[in-house]
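Asks: Let me see the structure of the following:
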Amino acid sequence: MIKIENAKETENVQEIKKTIEYPEMERCCLCPRECKVDRNKGQKGRCHEDSRIRVARAALHMWEEPCISGKEGSGAVFFAGCSLGCVYCQNREISGGKSGLEISVSRLADIFLELQDQNANNINLVTAGHYLPQVIAALQEAKKKGLQIPVVYNSSGYEKAEMIKLLEGLVDVYLPDFKYLDPALAKQYSSAEDYPERAKAALAEMVRQKPVPQFDHRGIMTEGVIVRHLLLPGHVKEAKHVISYLHENYGNKIYISMMNQYTPVEAVAEDKLLCRRVTKREYGRLLDYASEIGVTQGFYQEGETAKESFIPAFDCEGVLPK
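Replies: Next up is the predicted model:
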């Protein structure tokens, strides 16, 4: 297990890296894939990354849920790589490891502080699970240097619950996806038949840590869990199952964000369902269902279905010092 307590006792960033990073990345099992490759020696796992932190963008982001972005924006840090690898990935430029600059733990901590200085409502860690030891070290360092705004853990939901436990006390808001309840769909679209069980266990741990949503005077969430579900074209039935599961098991302990922003990518051009966008009728059916079963704490997207504007430019803005 990652020895966080040792990291708290030292001021030396390199010692933090030695204590936290190397043991877990020598035979990496940070995510459910459990590749067991030696990322310290440059080997890359299913996440497409070795042990070097790579970030593709660190800037104010306006397109999250209203209680995350607010008027000022969320301080989103987009990490390169992803351990899930959905065939329809919306952030395919960075999830496949094709974009991003290498930075140190100390630089990552400074990025958090710079975003705070830009009046970000929070630090938004986007797909950070495969860098968990380094992220923990950077958060600890930044908090020692004055980081005070909430930390958001923005995840695909494909996490190991024991890894989420290590974030207790460091993360204030959990923002996971819950993509599938059907193992067959998870296998077909993400090569992860175990996604449902992993997402269930990870979410349970997130809610254990943050069981009561809390907001500041501006309506910005300061603690809590928001679970996202991206409606896939032709899969309203599966979406209903997901929303039903979330509502029945967690009720008002969580907020549910139902999204229609799916954008077809070249990789699914031949797929009879995924090759198109979600229709207004499909999305309306999902929203009507959520209302019928009593979902009152949720978010939905107004206007037409997905547009490229939801996907930022991964141009490495904010990654290097000015």
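Asks: Could you use CA atoms for every contact and neighbour count after this?
Replies: Fine.
Asks: pull the CA atoms of the helix or strand hosting residue 77 into PDB?
Replies: Element membership for residue 77, per DSSP states H and E: strand 74-79. Extracted C-alpha coordinates of strand 74-79, given in PDB (Å, rounded to 0.1, in the frame of the first residue of the first chain):
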ATOM      1  CA  SER A  74     -13.000  25.100 -12.300                       C
ATOM      2  CA  GLY A  75      -9.200  24.700 -12.100                       C
ATOM      3  CA  ALA A  76      -9.100  21.700 -14.400                       C
ATOM      4  CA  VAL A  77      -5.800  19.700 -14.600                       C
ATOM      5  CA  PHE A  78      -6.100  17.200 -17.500                       C
ATOM      6  CA  PHE A  79      -3.700  14.300 -17.100                       C
END
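Asks: distance of residue 254 from residue 243?
Replies: Applying C-alpha to C-alpha, to the nearest Å, the value for residue 254 to residue 243 is 12 Å.
Asks: Do a quick rundown of the helices in the stretch 201-322 of the chain.
Replies: 236-250, 280-292 (DSSP state H, counting those that start in this stretch).
Asks: Quickly compare those helices and say which is most buried.
Replies: Comparing these by mean neighbour count (mean count of other C-alpha atoms under 10 Å), helix 236-250 comes out on top with a mean of 17.
Asks: How about the contacts made by residue 27?
Replies: 35-39 (C-alpha atoms under 8 Å, 6 or more residues apart in numbering).
Asks: how close does residue 91 sit to residue 30?
Replies: For residue 91 relative to residue 30 (C-alpha to C-alpha), the value is 21 Å.
Asks: got it, and residue 169?
Replies: 19 Å.
Asks: Then residue 70?
Replies: For residue 70, the distance to residue 30 equals 32 Å [C-alpha to C-alpha].
Asks: Of these two, which one has the most company?
Replies: Each of residue 70 and residue 30 has its neighbours counted (other C-alpha atoms under 10 Å); residue 30 has more, 23 against 20.
Asks: How about the secondary structure of the residue nearest to residue 93 when sequence neighbours are not counted?
Replies: Leaving out its chain neighbours, the residue that sits closest to residue 93 by C-alpha to C-alpha, 6 or more residues apart in numbering is residue 99, at 6.3 Å. At residue 99, secondary structure determined by DSSP: H, G, I helix; E, B strand; the rest coil is coil.
Asks: Contacts only, for residue 99.
Replies: By C-alpha under 8 Å, 6+ apart, the neighbours of residue 99 are 55-56, 80, 93, 314.
Asks: Go again with 7 Å.
Replies: When contacts are counted by C-alpha atoms under 7 Å, 6 or more residues apart in numbering, residue 99 is found next to 56, 80, 93.
Asks: Could you check the pLDDT of it?
Replies: Note for residue 99: predicted pLDDT of 86.
Asks: ok, now the one 4 residues further on?
Replies: Predicted confidence (pLDDT) for residue 103: 96.
Asks: before we move on, what about the one 5 residues further on?
Replies: According to the predicted model, the pLDDT of residue 108 comes to 98.
Asks: what's around the closest residue to residue 49 other than its chain neighbours, how many residues?
Replies: Excluding the flanking residues, the one nearest residue 49 by C-alpha to C-alpha, 6+ apart is residue 81, at 6.0 Å. Counted with other C-alpha under 10 Å, residues neighbouring residue 81 total 32.
Asks: gap between residue 81 and residue 242?
Replies: Residue 81 is 26 Å from residue 242, by C-alpha to C-alpha.
Asks: again with residue 72
Replies: Residue 72 is 31 Å from residue 242, by C-alpha to C-alpha.
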